[in-house]
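J.: model this:
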Amino acid sequence: MKKTLIFVLVLILSFFVGCTDEENNVNNSTLDSSVASQELKHQQLKNNIILNPNLILNDWMTVNLPEVGLENLVIGTVEEGNVVESEKDSLPVYVFCDYRYGADSIYHDSYLAVVTDSKILLKDLSETGGSYATSIYLHDVDGDGLDEIIVQQTVGMTGGAGQFASTIFRVIEDDIVEMFPLPNFDTGFTCVLKDGFKIEISNRFTGYATTIDYDTINGENESFYFNENGKVRAKGEISLDSFYEFVPEDIDGDGIYEIVCKQYVSLQGHSDYIGDAESVLKFNPSTQKFEIIKAEFIK
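T.: This is a model prediction of the structure:
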């Protein structure tokens, strides 16, 4: 009799547990659908110019720009500078944010807006995806007397120091034109593994070279690259992530800004971080390209 009663109780409990699990699955499914329904489509620019704008813009206010097909944007960043010829001392440059991925998400699409005396010029910064944060700097990097727009976006937050999109724009007539990055841009860092747990890191553009002790960084003697006696047993290739720092600085004091960059460096994936590669980029007016004028590895 006791065994029968216990069996019946187990069946009853199993029934209720099953109902609870099923209810949870329904609730989770409903929640997922609700979250998914919050994500709206990316807003495509109908055109990139608004003529005779009459806008009063303040931080974090909501902005609608029906002339170009944008609505419910938030002003996330604003800087003032001289990106175009103007009688005014400076003009504002904005980053408009579209938080279309959900009310609780900081991930957003970004649109660059350059205000001139008679119009607003726009550039979609999210054609290949959104970002978690967008910073802008206005400085002259090409020596023409006008400011360029340096944009740093955090597009991913996993692996290494994260993933970043670093871009420089200048205004040419009524268009915001990208001048950096160049296709397959390379900062020139390479490495050679040597016996004794040594890694020689060099930069082919500047002639810089330094040697570091891998065992002091790795925390153990034997590794994928070296045997227990420090003999090299596998070729190592240096791996550099995107620029996690991309900051304008006039390092030579000539009034034209260079870009100081830092990259997370590893040998295999992101599992063996060995330091940071620091590069200084300078624009060459003759070639219309950015060049590496200084390089250093920071252990």
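
J.: how about the helices in the stretch 101-250 of the chain?
T.: Taking DSSP state H, counting those that start in this stretch, the helices of the stretch 101-250 of the chain run over residues 214-218.

J.: which parts of it are strands?
T.: Secondary structure of the stretch 101-250 of the chain by DSSP state E, counting those that start in this stretch: the strands cover 109-115, 119-124, 133-139, 148-156, 163-172, 175-180, 189-194, 198-203, 209-213, 239-249.

J.: show me the contacts for residue 224.
T.: 234, 268 (Cβ atoms under 8 Å, 6 or more residues apart in numbering). (Glycine included, C-beta is placed from N, CA and C.)

J.: thinking again about what came up before, I'd like the strands of the stretch 101-250 of the chain as CSV, with mean pLDDT appended.
T.: Shown next, in CSV, are the strands of the stretch 101-250 of the chain (pLDDT from 0 to 100):
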stretch, mean pLDDT
strand 109-115, 96
strand 119-124, 96
strand 133-139, 96
strand 148-156, 96
strand 163-172, 96
strand 175-180, 96
strand 189-194, 95
strand 198-203, 96
strand 209-213, 95
strand 239-249, 96
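
J.: out of these, which comes closest to residue 275?
T.: Ranking the strands of the stretch 101-250 of the chain by their distance to residue 275 (criterion: Cβ to Cβ) puts strand 209-213 first, at 7.2 Å.

J.: out of the strands of the stretch 101-250 of the chain, deepest packed?
T.: Most buried of those, by mean neighbour count (mean count of other Cβ atoms under 10 Å): strand 109-115, with a mean of 23.

J.: what angle separates it from strand 175-180?
T.: Angle between the axes of strand 109-115 and strand 175-180 is 120 degrees (criterion: axes from the mean of the first three to the mean of the last three Cα atoms, to 10 degrees).

J.: who touches strand 109-115?
T.: Here strand 109-115 has contacts from 42-43, 45, 53, 70, 73, 76, 83-84, 91-98, 100, 120-126, 130-131, 134, 136, 149, 151, 153, 169, 171, 176, using Cβ under 8 Å, 6+ apart.

J.: that one pairs with which strands?
T.: Partners of strand 109-115 in the sheet, by DSSP bridges, are strand 91-98 (antiparallel), strand 119-124 (antiparallel).

J.: what sits against the closest residue to residue 43 other than its chain neighbours?
T.: Nearest residue to residue 43, sequence neighbours excluded (Cβ to Cβ, 6 or more residues apart in numbering): residue 70, at 5.3 Å. Counting by Cβ under 8 Å, 6+ apart, residue 70 touches 43, 45, 63-64, 96, 98, 111.

J.: got the residues you listed as a markdown table, with distance to residue 189 columns?
T.: Shown next, in a markdown table, are these (distance: Cβ to Cβ, whole Å):
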| residue | distance to residue 189 |
| --- | --- |
| 43 | 39 |
| 45 | 37 |
| 63 | 42 |
| 64 | 46 |
| 96 | 36 |
| 98 | 36 |
| 111 | 34 |
